[in-house]
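Engineer: Can you look at this prediction? I've put the sequence above it.
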Amino acid sequence: MHSNEVATLVKKHVDDIRIVDDRCLFATSDKQRLENILRALRVQKVTHISAITGVDTGNVVEVIYHFDCQPAELNLKIPLPKDDLKIPTITEIFPGAIMYERDLMEMLGVKVEGHPDPRRLFLPDDWPEGEYPLRKEWREKSK
Amino acid sequence: MTFVVPIGPQHPALKEPEFFRFEVRGEEIVDVDIHLGYAHRGIEEAFSRRNYKHNIYLSERICGICNVVHSTTYCQAVEQLAGVEPPERAKYIRAIIMELERIHSHLLWLGIAAHQIGFNTLFMLAWRDREYVMDLREMISGGRVHSATNTIGGVRRDVKIEHVPTFLRGLEKLEQSTNYYINLFKSDRTILARCTNLGVLSKEDAIKFCTVGPTARASGLKTDIRRDDPYGAYDALSFDVAIERDGDVWAKGMVRLREILESIQIVRQALKEMPGGPIRIRVGLQIPPNETIERTEAPRGELLYYIRSNGTEIPERVRVRTPTYGNFASMKSMFVGGTIAEIPIVIWGIDPCFACNDRVTLVDSRTGKTRIASFDELRRWRK
Amino acid sequence: MPRILSQVLKNLLRKPATVKYPYVRVKPPKGYRGAPVIDKEKCIRCWLCIRACPDRAISVNKETKKPSIWHGRCTFCGECAEVCPTRAITMTEDFELATYDIQRARSE
Amino acid sequence: MMEVVNFVINSLIFPGLLFASLVGLLYVGIDRKVTGHMQHRIGPPIWQEYLDMGKLLSKEDITPGPAQSLVFNTVPLIALGAIVAVMLFLPITSAQPALTSVADLIVIIYMLNIPAICIMLGGYSSGSPFGASGAGRYVVQLLSYEFVFILAIIAVVARVGSLSLGTVVGYQVQQGWLVLDWRLLPAAIAALIAAQGKLLRVPFDIPEAESEIVHGALTEYSGPKLAIWRLAYDIETIVVAGLLAALFFGGPTAYVIGGTQIPGVVDFLVKTLAIVLFTTTLRNIMARLRIDQALKFYWSFAALLAIISLVLVLAVP
């Protein structure tokens, strides 16, 4: 699917869509509608998730899902306020996301609900609870 | 009754530190668990503490073997953020160096795979031929491994006209020996005995776990970013995507060997069709707030960079998703049901690059007691 | 097996592909990025190299007031040589930089 | 008195420890050099094994904590002693070995297994999972090659009608090399294959496959103890080659060329070197098999060769 087709597919579930070019688009949604988008993508035979990125922007942690829609890449942003850092897992629909969600949990402290294997991935086992190295606060602290 | 066989963090089958915990019943593997993080260097965080120019060299240091593709992806992403297009000639030079890197990486894979199955002669021969590629890379970039060729807005070194004959001679030699290896791989009884029907990744599992690169292609999944989402000069270059159907170690090796041949063709074509003109343009490094993703096909598969800028010379966030990271989820389905003797070659079948993989966190000397000692030790040793 | 056997026997009669390194040296090609050296006469103290260096390997020598490159951090990217307005920094072909004292590994 | 002096000289100097270790180390050195050239590189100098041995002997003797036991410390010496003892039973200068007994082939077969058993004991007592799994693999490997090896020897014995190695060599002096006898050719091939397994060379280096289980049973050994293991292994190389030479390739024969008497020991050295180089070539053109594949190979193909030979010898007079 090219960007326009992806845009029409997900249009009713997202707040805002920015088409960069034929093969790249950004969209913003929220976690209630996430599953609808995933199902819509799945119906259209989108199976590959390239990565999940977490960005700390101050008060909000943005979780960005990068879906490979052959050839367009859909970047789906889910902003999460810092006092409610919870997001449902997508591993039931995209099992390949299992590692990325573990990474997201330990690096940014986003709680992925229903994840089958919520252990640490990169950080050592004795890493203190509540310390998330890619958060803004942590950067201030470690300067 | 099951018992646990630890592989790693230091083990002769692994060339880099990583820990695999195999649960076995007799000789049969029933479960596998991977502990990552022994080579953490905190690169994603370090990216947002340096300016765009310095980050080129940081991105090259993520992985030694595929350094050019890292820096190319990074530079292309920053060029997209800045809204500039590098000159055509620069794109071709990037393509040439990236393909040379693919050849070198796949020959390195072949050598170590041969070593894992105890075939030391093939190991030595493959690495001898890899030396030809290294010489070519040294000739055009000035470094055997780290090419330091890419810069934002183009490349720093030109391919000179007097290099071309040497290039064609070297590629000729490589093509000969690659054909020899392909024939050897197809016919040698001991290689077939050790590589076929193990570590099988079915096409369904390859799709399910989002595998990338040669690992996916060996399972019959026709995916190649160079073809699916062409970047740089790949729009204009023609090549085939090598795929195999079996999904075992042999198929993974075969895909890589055939890709070497394709890469040789690409380099030849690029040398012939390379346009003249400048090789770099100046780019102002005050990049307005924006975000972008860039995907390329590294030797091991799809490489993804996500960069967000914030108007300063320093990026807000750089996310790197390396190919090995994408392939780890599929590892369980490759191992379960196999035997202990297969572990090294199956691990090596996906061509893992742990240094690529472990780069996300930041090592801080103030949190975590075990860290204090090791970090202080490092410091003392340095002085 | 026959394929590799013939290759192996052929190799027995050929000259080995390797060389005895410390006795036989292979010269690096032109444009090799080896240890950077600073020509003090040419240096005009613009400090562009310090800004360009991605590894912060270049510092100012307190006595001579000229830059010096610490090889312990240098990654041999060649940015300093590229940025230098008077071509005072050049990349040599010297790659044998092992030393017992890491602090003395410097290009003054 | 004379006998005692003779015995001491035999066991310590010639053909015992000194001679065997000098030649064994040299042969493995040649093997490594030739391997290097076969792999299109220079390879180590021929005397590299002597240097390695000197280095290992000069190192500190370390025994890891879990491996502290009498077994772990003594098995290298037992292995070395057994393998040097076999040297005394081999015909080296002439058809007559330094020590003889009525059925010395049986003694040799037993003695050749002692180092293998010692390696297993060392591996199991080392307290390391790699050592244990290497020892486990060694058991399987021993089960696979030993049967073939013994069958091949029995074929020879049935042909010659004697269990004495001296008689076998004497028989060949009159009747020609046994390998040229069409009935025994399959047995010779089977014995060479078994020797490849006995000497732990690719494709049968499974018990010490370094990319899978580090150094197998010898993982925890270091310093002088490892040196003794290496020495035992190097002497085993020449012992197995010498045994094969005596069984199938005519044993040591003295020649007269141009009026000069060339002693049998030269013939012995040439023949053993040829056999070692043959195994070197084999190990450079193959990949390591898995243990189950090796077992299957020995019990099907190699055993079949040996059995065919035995049947032929018994059936065709």
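Structural biologist: Nice, I can see it.

Engineer: Run through the stretch 201-317 of chain D and note the low-pLDDT ranges.
Structural biologist: The model of the stretch 201-317 of chain D has no residue with pLDDT under 70.

Engineer: give me the residue from it nearest chain B.
Structural biologist: Going by C-beta to the nearest C-beta, chain B is nearest to residue D:288 of the stretch 201-317 of chain D, at 2.7 Å. In this view, the C-beta of every residue, glycine as well, is placed from N, C-alpha and C.

Engineer: repeat for chain A
Structural biologist: residue A:96 (2.8 Å).

Engineer: Pretty sure the residue of the stretch 201-317 of chain D closest to chain B sits in a helix.
Structural biologist: No: secondary structure of residue D:288 (DSSP: H, G, I helix; E, B strand; the rest coil): coil, not part of a helix.

Engineer: Which pLDDT does the model give residue D:132?
Structural biologist: Note on residue D:132: pLDDT of 82.

Engineer: how about it, what does it touch?
Structural biologist: Contacts for residue D:132 (C-beta atoms under 8 Å, 6 or more residues apart in numbering or on different chains) come out as D:123, D:124, D:126.

Engineer: JSON lines for those, including secondary structure?
Structural biologist: Listed next are those as JSON lines, based on three-state DSSP:
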{"residue": "D:123", "secondary structure": "helix"}
{"residue": "D:124", "secondary structure": "helix"}
{"residue": "D:126", "secondary structure": "coil"}
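
Engineer: Now rank those by neighbours and give me the top one.
Structural biologist: Counting neighbours by other C-beta atoms under 10 Å in any protein chain shown, residue D:123 leads the contacts of residue D:132 with 32 neighbours.

Engineer: Just confirm it contacts residue D:131, I think it does.
Structural biologist: Yes: with contact defined as C-beta atoms under 8 Å, residue D:123 counts as touching residue D:131 (4.1 Å).

Engineer: Overlap in contacts, these two.
Structural biologist: Common neighbours of residue D:123 and residue D:131 (C-beta under 8 Å, 6+ apart) are D:216, D:217, D:218, D:219.

Engineer: Now, of those residues, which are buried?
Structural biologist: D:216, D:217, D:218, D:219 (16 or more other C-beta atoms under 10 Å in any protein chain shown).

Engineer: between the residues you listed, which is closest to residue A:126?
Structural biologist: Closest to residue A:126 out of those is residue D:219 (29.5 Å), distances taken as C-beta to C-beta.

Engineer: circling back to that earlier point, you'd agree the residue of chain A closest to chain B is up against residue B:209?
Structural biologist: Yes: the criterion here is C-beta under 8 Å, and residue A:96 meets it with residue B:209 at 4.6 Å.

Engineer: More neighbours: those two, which one.
Structural biologist: residue B:209 (28 against 23).

Engineer: Contact partners for the more buried one?
Structural biologist: Neighbours of residue B:209 in contact, by C-beta under 8 Å, 6+ apart: A:95, A:96, B:329, B:330, B:333.

Engineer: okay, it: pLDDT?
Structural biologist: 86.

Engineer: distance of it from chain C?
Structural biologist: According to C-beta to the nearest C-beta, to the nearest Å, residue B:209 and chain C sit 36 Å apart.

Engineer: hmm, back to that, quick one: which of the shared contacts of residue D:123 and residue D:131 is nearest to residue A:116?
Structural biologist: residue D:219 (36.8 Å).

Engineer: quick one: buried residues of the helix or strand bottoming out on mean pLDDT in chain A?
Structural biologist: Taking mean pLDDT, DSSP states H and E as the measure, the helix or strand of chain A with the lowest value is helix A:136-141, at a mean of 77. For helix A:136-141, a neighbour-count test (16+ other C-beta under 10 Å) marks residue A:138 as buried.

Engineer: how about that helix as PDB, C-alpha atoms only?
Structural biologist: The C-alpha coordinates for helix A:136-141 follow below in PDB (Å, rounded to 0.1, in the frame of the first residue of the first chain):
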ATOM      1  CA  LYS A 136      14.300  13.400  30.500                       C
ATOM      2  CA  GLU A 137      14.500  13.400  34.300                       C
ATOM      3  CA  TRP A 138      17.200  10.800  34.200                       C
ATOM      4  CA  ARG A 139      19.300  12.800  31.800                       C
ATOM      5  CA  GLU A 140      19.100  15.800  34.200                       C
ATOM      6  CA  LYS A 141      20.100  13.500  37.000                       C
END
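
Engineer: which residues sit in contact with the residue in chain B that chain D sits nearest to?
Structural biologist: As assessed by C-beta to the nearest C-beta, chain D sits closest to residue B:118 within chain B, at 2.7 Å. The contact partners of residue B:118, by C-beta under 8 Å, 6+ apart, come to D:202, D:203, D:205, D:209, D:211, D:287, D:288.

Engineer: burial of the spatially closest residue to residue C:37 that is not a sequence neighbour, as a residue count?
Structural biologist: Once flanking residues are discounted, residue C:37 sits nearest to residue C:107: 5.0 Å by C-beta to C-beta, 6 or more residues apart in numbering or on different chains. Counted with other C-beta under 10 Å, residues neighbouring residue C:107 total 20.

Engineer: Below-threshold pLDDT in chain A: ranges please.
Structural biologist: A:142-143.

Engineer: Break down it into its helices, ranges please.
Structural biologist: Per DSSP state H, chain A carries helices over the ranges A:3-10, A:34-43, A:98-108, A:136-141.

Engineer: do chain D as well
Structural biologist: So, for chain D - with DSSP H - the helices run D:2-12, D:17-38, D:48-57, D:70-89, D:104-125, D:129-160, D:165-175, D:185-198, D:210-213, D:223-248, D:264-284, D:291-297, D:303-315.
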